[in-house]
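Chemist: Quick one, fold the following:
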Amino acid sequence: MTTYKKSGVDIKLADKFTDFLEKKSRAIGGFAGLLSIPETRGEYSMVASTDGVGTKLKLAFLLDRHDTIGIDLVAMCVNDLLCCGARPMIFLDYYATGRLDLARSKRVIEGILEGCRQGESVLLGGETAEMPGFYQPGEYDLAGFSVGIVKNSEVLDGRRARAGDVLLGLPSTGFHSNGFSLIRKVLGGKKLLKKYAARLLTPTKIYVKDVNRLRAALRKQGQDVLALAHITGAGIPGNLPRVLPKHLGAVVTPGAWQVPAIMRDLQKLGSIPEADMWDSFNMGIGMIAVVRPAAVKTALKTLKGAVVIGEVVKGKNEVVFK
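Modeler: Numbers count the residues shown, from 1 in each chain. Sure, this is the predicted structure:
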């Protein structure tokens with residue numbers, strides 16, 4: 001039996017560290033940070049998020065494929081901004097390597113530029129650091145920084161959510177950029193990794209255009225999205241409660257959509273417990289939108305592939321699968 005903790009990642013310990021950070025700064029919390037802009041007389045806030053790609057980079061190194069990893073980097077940042085209702089505007093990157101390989105570096109940056117195109121952001125700058133002896137030959141690290149803006153009256157914070165609201169699942173493109181320590185633990189050698197390479201390196205879905213379309217369509221009917229949850233590490237159980245008030249939870253119906261076959265293949269290969277699968281991967285849902293029941297028909301018509309996966313309920317701030 002293989003678990004995320006056995007692969008070297010302790011989610012509960014990470015949650016404790018996050019709790020520590022939130023106590024140290026009131027501005028920390030949620031999927032991104034908001035700072036009111038005084039010059040706008042309190043009408044707008046600046047929103048910022050930062051992230052990396054995790055050990056998905058190890059697959060890029062192993063398979064010498066670097067053209068899509070930059071898309072992942074942008075996606076992990078801009079998708080978090082969306083959860084606050086923000087419009088992504090600019091992106092910065094940090095690219096560090098032991099020795100600069102021009103051809104490989106160009107492929108990485110081209111991926112970042114494509115991610116910015118999909119994420120409706122401008123690559124405003126960044127930092128390229130050569131650090132001889134610090135990284136293994138052929139390896140590098142990436143970090144991304146996304147900044148956007150939101151009208152304070154349109155911030156998504158989940159406060160308007162109530163029991164009976166509907167959970168709308170937006171499909172993922174696969175594992176996205178989470179759970180790769182567990183994936184590599186299960187697949188082990190290069191042979192199996194190569195077998196699944198194309199699906200494993202499929203870039204993270206960027207939801208900017210989808211969310212913009214959805215909100216525009218709902219506003220025409222006097223409706224709007226009430227909350228958005230980016231399903232990353234810790235899966236649906238760890239991310240959906242973050243956007244709901246403390247007195248509300250969620251009931252999710254796993255049978256409402258089909259879990260990607262590759263995830264079930266991995267589960268069988270590693271004998272991964274079902275609970276660990278849901279706590280480690282997105283299981284086919286990369287973003288969850290909370291909407292009123294009256295908005296569901298328009299939402300499903302606007303976003304092809306979206307599916308109703310459950311509802312908001314009164315009670316403990318947690319996800320129950322039924």
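Chemist: right, and Leu57 touches Ile69 too?
Modeler: Yes. Leu57 is within contact range of Ile69, at 6.6 Å (criterion: Cβ atoms under 8 Å). All C-beta atoms are positioned from the backbone trio N, CA, C, and that covers glycine.
Chemist: between those two, what contacts are shared?
Modeler: Leu142 (Cβ atoms under 8 Å, 6 or more residues apart in numbering).
Chemist: So for these two, which sits in the more crowded spot?
Modeler: Neighbours per residue, other Cβ atoms under 10 Å: of Leu57 and Ile69, the larger number sits with Ile69, 25 against 20.
Chemist: If we ignore the residues flanking it in sequence, what's nearest that one?
Modeler: Sequence neighbours aside, Ala60 is the residue nearest to Ile69 in space, at 4.9 Å (criterion: Cβ to Cβ, 6 or more residues apart in numbering).
Chemist: doesn't the one you found fall inside a helix?
Modeler: Yes. Per DSSP: H, G, I helix; E, B strand; the rest coil, Ala60 lies within a helix segment.
Chemist: Val290 versus that one, what's the distance?
Modeler: Distance, Ala60 to Val290, by Cβ to Cβ, to the nearest Å: 34 Å.
Chemist: Retrieve the pLDDT associated with Val313.
Modeler: With respect to pLDDT, Val313 scores 98.
Chemist: ugh, typo on my part, it should be Asn152
Modeler: Asn152 is assigned 96 on the pLDDT scale.
Chemist: does the closest residue to Asp165 other than its chain neighbours count as helix, strand or coil?
Modeler: In this structure, Asp165 finds its nearest non-sequential neighbour in Val312, 4.2 Å apart by Cβ to Cβ, 6+ apart. Per three-state DSSP, the local secondary structure of Val312 is strand.
Chemist: repeat for Leu167
Modeler: Leu167 - assigned by three-state DSSP - is strand.
Chemist: Please name the bridge partners of it.
Modeler: Partner residues in beta bridges with Leu167, using DSSP bridges, are Val290, Gly310.
Chemist: got a list of contacts for stretch 113-131?
Modeler: Counting by Cβ under 8 Å, 6+ apart, 70-75, 78, 87-100, 105, 112, 146, 148, 203, 206, 208-209, 212 sit against stretch 113-131.
Chemist: any weak-confidence spans in the stretch 1-150 of the chain?
Modeler: 4-29 (pLDDT under 70).
Chemist: Surely the residue nearest to Asp165 is in contact with Ala161?
Modeler: Yes. At 5.6 Å, Val312 counts as touching Ala161 under the criterion of Cβ under 8 Å.
Chemist: Between those two, tell me which one has more neighbours.
Modeler: Counted by other Cβ under 10 Å, Val312 and Ala161 do not tie: Val312 has more neighbours, with 24 against 20.
Chemist: which residues sit in contact with that one?
Modeler: Neighbour list for Val312: 161-167, 244, 248-250, 290 [criterion: Cβ under 8 Å, 6+ apart].
Chemist: please redo it, this time with the cut-off set to 10 Å
Modeler: Taking Cβ atoms under 10 Å, 6 or more residues apart in numbering, we find Val312 in contact with 158, 161-167, 226-227, 240, 244-245, 248-251, 290-291.
Chemist: cool, and Arg184?
Modeler: 7-8, 55-56, 58-59, 62, 192-193, 200.
Chemist: One more pass at 7 Å, please.
Modeler: Going by Cβ atoms under 7 Å, 6 or more residues apart in numbering, Arg184 touches 55, 58.
Chemist: and it, helix, strand or coil?
Modeler: Following three-state DSSP, we place Arg184 in the helix state.
Chemist: For the stretch 151-300 of the chain, just list every one of the strands.
Modeler: 166-171, 227-230, 248-252, 285-291 (DSSP state E, counting those that start in this stretch).
Chemist: just so I have it, where are all the helices in the stretch 1-150 of the chain?
Modeler: 11-24, 56-63, 69-82, 102-118 (DSSP state H, counting those that start in this stretch).
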